[in-house]
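Engineer: next comes the sequence, and after it the predicted model I'd like to discuss.
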Amino acid sequence: MYVAHLSLHDFRSYATAEVELSPGATAFIGRNGQGKTNLVEAIDYLSRLSSHRVASDAPLVRAGADQAVVRAAVVRDGRTAVLEIEVNPGRSNRARVNRSPLPRARDLVGLVRTVVFSPEDLTLVKGDPSDRRRFLDDLLVLRAPRLAGVRADYERILRQRNSLLKTARQAGRRSAPPETLAVWDEHLARVGAELLAERLDLVEALRPYVGKAYETVARGATRDDADIDYKPSFDVEGRTGRGDLADAMLAEVERRRSDELDRGVSLVGPHRDELLLSLGHGPGEGRLPVKGYASHGESWSFALALRLASYDLLRADGDDPILILDDVFAELDTERRAQLADLVAGAEQVLVTAAVAADVPAALAGTRFTVGNGEVVRVDGD
């Protein structure tokens, strides 16, 4: 899979941009603030309908414009499809494939798959649990696009239930009778159990890839040093089926009913879960959480391992995702730059951004563009 052509209209800093791309490695070189990351961000947005840099769509639209359009010709198994997303902040986005409208924008998710390495990846290790949950859910949806609907349903149910709990708290619990809340309890448990089951399965599938990737990127490490585990907000020991998980979740919701009404917020469900990251630090010492205990170098290595593991898992599913290395080499020393470059050089398409050409390792020498003053210019002489 690779992007053969990218078109932008009023996306970020670009009024318009047309960029011809090819398989293999492509580097966008330019000073900070010139728009090189905007190009790869647009491709990643087509993959997930969210940005790896900002939480909302509004910053994606050029100042003074009402909407932005990202369009890409994507080649997969020798066939080309033109994917398009119309970004409308405050309103519903609209998506098209080969100029035919899709019923919902989220139906575009997964038609092109990306894995992004960026300086923001450090939040996977040092950030809030929500950053790690988002990492899991993004990967879930790339592997099985139908789960975008499950994720959206859960978020909708959670908002409605939180609204009821907040209203009940403000009114001294009188405005949300038990039978009203009970309906949303059932919805939360049913959809939450499906999302939980998928996350549990994903962590099991991802675990061996994380160990292998950490061994590769961390000096002197073995594949047994790094581990991940999933910690639900309630006890799921011995429960694997969706029905069992839903029953357990519903029982915990009922047990914590008083706490939820007191606080006006849902305290049980996948939105309260955590992805645990741990490292072994020598025989007999056990494992320690990466957050709070790992050095900066170890944290970076673990973040890279999570991304590499995602890439390897997606490849194992039978499709080469597009790799995006966004200003990541500036954060690494020369040895780790070369190491990472060697690991990803065989991908069908690798897109790199860097402030200076010297930051791009030789293994990723390929097509190069300079980015500046609103222009994207190919400079490799082909």
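Structural biologist: Arrived safely. Numbering: from 1, shown residues only.

Engineer: how's the protein carved up into domains?
Structural biologist: Each domain of the chain is listed here as a residue range: 1-113+319-382, 121-317, per automatic domain parsing.

Engineer: secondary structure element holding Leu306?
Structural biologist: Taking DSSP states H and E as the criterion, the element that holds Leu306 is helix 296-316.

Engineer: what packs against that helix?
Structural biologist: Using 3 or more Cβ pairs under 8 Å, 6 or more residues apart in numbering; DSSP states H and E as the contact criterion, the elements in contact with helix 296-316 are strand 114-117, helix 123-126, helix 129-143, helix 178-217, strand 274-280, helix 290-293, helix 334-344. In this view, the C-beta of every residue, glycine as well, is placed from N, C-alpha and C.

Engineer: mind putting the ones you listed into JSON lines with mean pLDDT, mean neighbour count and distance to Asp247?
Structural biologist: Formatted as JSON lines, those follow (pLDDT from 0 to 100; neighbours: other Cβ atoms under 10 Å; distance: least, Cβ to Cβ, whole Å):
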{"stretch": "strand 114-117", "mean pLDDT": "93", "mean neighbour count": "25", "distance to Asp247": "36"}
{"stretch": "helix 123-126", "mean pLDDT": "93", "mean neighbour count": "19", "distance to Asp247": "32"}
{"stretch": "helix 129-143", "mean pLDDT": "94", "mean neighbour count": "20", "distance to Asp247": "23"}
{"stretch": "helix 178-217", "mean pLDDT": "92", "mean neighbour count": "19", "distance to Asp247": "8"}
{"stretch": "strand 274-280", "mean pLDDT": "94", "mean neighbour count": "19", "distance to Asp247": "22"}
{"stretch": "helix 290-293", "mean pLDDT": "88", "mean neighbour count": "16", "distance to Asp247": "32"}
{"stretch": "helix 334-344", "mean pLDDT": "84", "mean neighbour count": "17", "distance to Asp247": "43"}
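
Engineer: in CSV: the ones you listed, plus distance to Arg99.
Structural biologist: CSV is the format used below for these (distance: least, Cβ to Cβ, whole Å):
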stretch, distance to Arg99
strand 114-117, 23
helix 123-126, 37
helix 129-143, 24
helix 178-217, 33
strand 274-280, 39
helix 290-293, 46
helix 334-344, 33
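
Engineer: you'd agree Phe28 is in a helix?
Structural biologist: No. Counting by DSSP: H, G, I helix; E, B strand; the rest coil, Phe28 falls outside a helix, being strand.

Engineer: now do the contacts for it.
Structural biologist: 36, 39-40, 351-354, 368-369, 371, 376 (Cβ atoms under 8 Å, 6 or more residues apart in numbering).

Engineer: give me the nearest residue to it, chain neighbours excluded.
Structural biologist: In this structure, Phe28 finds its nearest non-sequential neighbour in Lys36, 4.1 Å apart by Cβ to Cβ, 6 or more residues apart in numbering.

Engineer: my guess is that neighbour contacts Ile29. True?
Structural biologist: Yes. Counting by Cβ atoms under 8 Å, Lys36 touches Ile29, with 7.1 Å between them.

Engineer: what about these two, which has more around it?
Structural biologist: Taking other Cβ atoms under 10 Å, Lys36 and Ile29 do not tie; Lys36 has more neighbours (26 against 21).

Engineer: so which of the contacts of Phe28 belong to helices?
Structural biologist: Using DSSP state H, 36, 39-40 are the members of the contacts of Phe28 that sit in helices.

Engineer: quickly list what's touching both of Lys36 and Ile29.
Structural biologist: Shared contacts of Lys36 and Ile29, defined by Cβ under 8 Å, 6+ apart, are found at 353-354, 371.

Engineer: what about the residues you listed, which are in strands?
Structural biologist: When strands are assigned by DSSP state E, the members of the shared contacts of Lys36 and Ile29 inside them are 353-354, 371.
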